[in-house]
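> no sequence for this one, just the structure:
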């Protein structure tokens, strides 16, 4: 038996690297989010929205997984979808439903170094103004996925002021 002219393990490692997508999350403080299951990701996104908006003086109900909608923001029902940024620079928001009783769809995007969002009225989602909806599975028409590019999203710091405009809420008292 002679020695191999190539290290088989090293060769396999090189081939795996050449076929693996770039890991944009490797140094991210939010990397742990990527390792969670979809249900946990959704709950984390909803809880983030509730705590973030409450910190900005906006009333948000505490919904749960069995609620018809994910949250009520200043009395308006919202569906909240959360996705992380993929290596291709897009978010895929899964299980968007049009049969639920919400007024707005709020999509929360988690990036390696930032958090972004976008909001559409339910009617805009149904009319395709939020983007093209694609069926989650062939043959069913209940849940959809919405793919958005990072440049179609806004920095999370803009969410409170944007909601005040959308929901016609008073501006916060700047004297406090």
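Looks like it came in fine. Computed from a predicted structure; not experimentally measured. Residues are numbered from 1 along each chain as shown.

> all helices of this structure, in order?
For the chain, the helices defined by DSSP state H cover 8-19, 31-34, 38-55, 122-126, 159-166.

> can you list contacts of the longest one?
Contacting residues not belonging to helix 38-55 are listed as 33, 36, 59-60, 62-63, 65, 70-71, 73, 80-84, 94, 106, 108, 110, 115, 156, 159-160, 163 [Cβ atoms under 8 Å, 6 or more residues apart in numbering]. For the C-beta atoms, the positions are set from N, CA and C on the backbone; glycine is no exception.

> what of the second one?
By Cβ under 8 Å, 6+ apart, the surrounding residues in contact with helix 31-34 are 25, 41, 44, 84, 110, 112.

> residue closest to the middle of this structure?
Nearest residue to the geometric centre of the chain (Cα atoms, centre = their mean): residue 82, 2.5 Å.

> quick check: that one touching residue 108?
Yes: the pair residue 82 / residue 108 is scored as a contact, 4.6 Å apart, by Cβ atoms under 8 Å.

> give the contact list for the residue nearest to the centre of the chain.
By Cβ under 8 Å, 6+ apart, residue 82 lies in contact with 41-42, 44-46, 48, 93, 107-110.

> would you turn the helices of the chain into CSV with distance to residue 145, mean pLDDT and mean neighbour count?
Shown next, in CSV, are the helices of the chain (distance: least, Cβ to Cβ, whole Å; pLDDT from 0 to 100; neighbours: other Cβ atoms under 10 Å):
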stretch, distance to residue 145, mean pLDDT, mean neighbour count
helix 8-19, 25, 91, 9
helix 31-34, 18, 90, 14
helix 38-55, 12, 92, 16
helix 122-126, 12, 95, 16
helix 159-166, 22, 97, 16
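
> I appreciate the help and will end here.
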